[in-house]
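Visitor: What follows is a predicted structure for the sequence shown.
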Amino acid sequence: QACCLLLLLRRGCRERTAAMGQQCSAACKENRLEDARHAGHDVSKDSPFKLAVMVVSARGLRDTDWFSGPDRFFYCTFKPTGWDDGLVYSTRWINDVVDPCWKEEAEVTDYEFGDALELSVWDADADDQSELLGTARLEAESFDVTGFNGELPLEGDEGSPTAYLKVRVRVAGQRYPDGPSQELKVHIDNPRRKASGIQYDIEDGTTVFVTGLKQGLITEYNEDLKPDRRITLGSFIIKVNGVEGDSSELADMLKKETHLDLLIRRPLEWRVAICATSEKDLGMEFNKKKIGNSLLITKVCETPKIAGKPRQRRKPVQEWNAANPEQKINAGDRIVAVNGYKGKAAYLLKRMRTEAKTGRFHLTLVRPATLEY
């Protein structure tokens, strides 16, 4: 359940100083007002247009001190462009994370139809000194009729050009719109049983994890498609011709079937912050076969409760899971990078052992994305 964002500072005078070009033309605004009325929204002056804005999460943020720890915090602020600069909504401050997840919502009651939303992500220290990591702008035409559910690129984050902020916006009284689909349905005819060109990992036992694409059936399929319709590295093949749940069988069907109906799930990628003194003390176990370009987690250990004895100290992964339920590490997840370093499974394990000596390191993990965006 979403928490509420805080409205900071008291509303002062309202000056409209938007530069030319930042606001839509009067004709454009009137057209969208008409669209809003047709959608059932009350946009009269006597009834202020109300929005609900949820700041969900951020990923790929530059880390100003290389490692986010207990004295480093992430938070996000936003405001409509028509508000003066002294008033913003703010999420709570989160520390000891790499990709913050807030899932906090605010109802914006004093919103003027046509205003864009300005969002900023900040890094702060224990002395309340803040540094701007990136900003995003969501234009009114993207949300004021049907709402918005997606990621916005964060600009000005020089250390991480791939940083994104996930945001949802809805008109009060409506539900949030669906986000981008996390599933892809693909039909390919292959009468000559041409090699697919897919390089894969089937160690999880239930899916086919795409680790590489050589020239072949799939690259030919991808050629004329938009990026969001392509089969890409890191995707998970969930079903082949209606069959699911057995990685070996799915891989065999990819080779032998002349007609392929594939159900593909996009990867969910996130980073976690681990405090540990050795790789053996993490609280998770890995696949014995170190193959492919990811390290498959086969078990996340639980702290046993023994009657009459003090509770044992949690392992680092258990500590992370307890503090970050939205970003839990589970069996079946795959480690694809250690402190940003990528490579084969054996290399990732070696790198983790090396980085663990420093006491603090980042892991990048992937799993099949859920259908709810």
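Guide: It's in. Residues are numbered from 1 along each chain as shown.

Visitor: so who does L51 touch?
Guide: 107-108, 111, 143, 169-172 (C-beta atoms under 8 Å, 6 or more residues apart in numbering). For every residue, glycine as well, the C-beta is placed using N, CA and C.

Visitor: Buried members of these into PyMOL, please.
Guide: Of the contacts of L51, the buried ones can be selected in PyMOL as follows, counting by 16 or more other C-beta atoms under 10 Å:
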select buried, resi 108+111+143+169+170+171
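
Visitor: Redo the contacts of L51 as JSON lines? Include secondary structure.
Guide: Output for the contacts of L51, formatted as JSON lines (DSSP: H, G, I helix; E, B strand; the rest coil):
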{"residue": "E107", "secondary structure": "strand"}
{"residue": "V108", "secondary structure": "strand"}
{"residue": "Y111", "secondary structure": "strand"}
{"residue": "F143", "secondary structure": "coil"}
{"residue": "V169", "secondary structure": "strand"}
{"residue": "R170", "secondary structure": "strand"}
{"residue": "V171", "secondary structure": "strand"}
{"residue": "A172", "secondary structure": "coil"}
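
Visitor: okay if I get the contacts of L51 as TSV plus distance to P267 and pLDDT?
Guide: Formatted as TSV, those follow (distance: C-beta to C-beta, whole Å; pLDDT from 0 to 100):
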residue	distance to P267	pLDDT
E107	33	90
V108	33	90
Y111	36	87
F143	27	93
V169	25	97
R170	27	94
V171	32	88
A172	34	77
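
Visitor: If we only consider the contacts of L51, which is nearest to P227?
Guide: Within the contacts of L51, the smallest distance to P227 is 23.2 Å, found for F143 (C-beta to C-beta).

Visitor: Ramachandran angles for the closest one?
Guide: When read as degrees, to the nearest 10, the backbone of F143 gives phi -140, psi -20.

Visitor: from memory it sits against V167, does it?
Guide: No: when contacts are counted by C-beta atoms under 8 Å, F143 is not listed as touching V167 (9.1 Å).

Visitor: Mind listing residues that contact stretch 185-202?
Guide: Against stretch 185-202 from outside (C-beta under 8 Å, 6+ apart): 208-219, 221, 231, 237, 247-248, 250-251, 254-264, 291-294, 296.

Visitor: From one end of that stretch to the other, what's the distance?
Guide: End-to-end span of stretch 185-202 (C-alpha to C-alpha, to the nearest Å): 20 Å.

Visitor: model confidence over it, on average?
Guide: What stretch 185-202 shows for mean pLDDT is 94.
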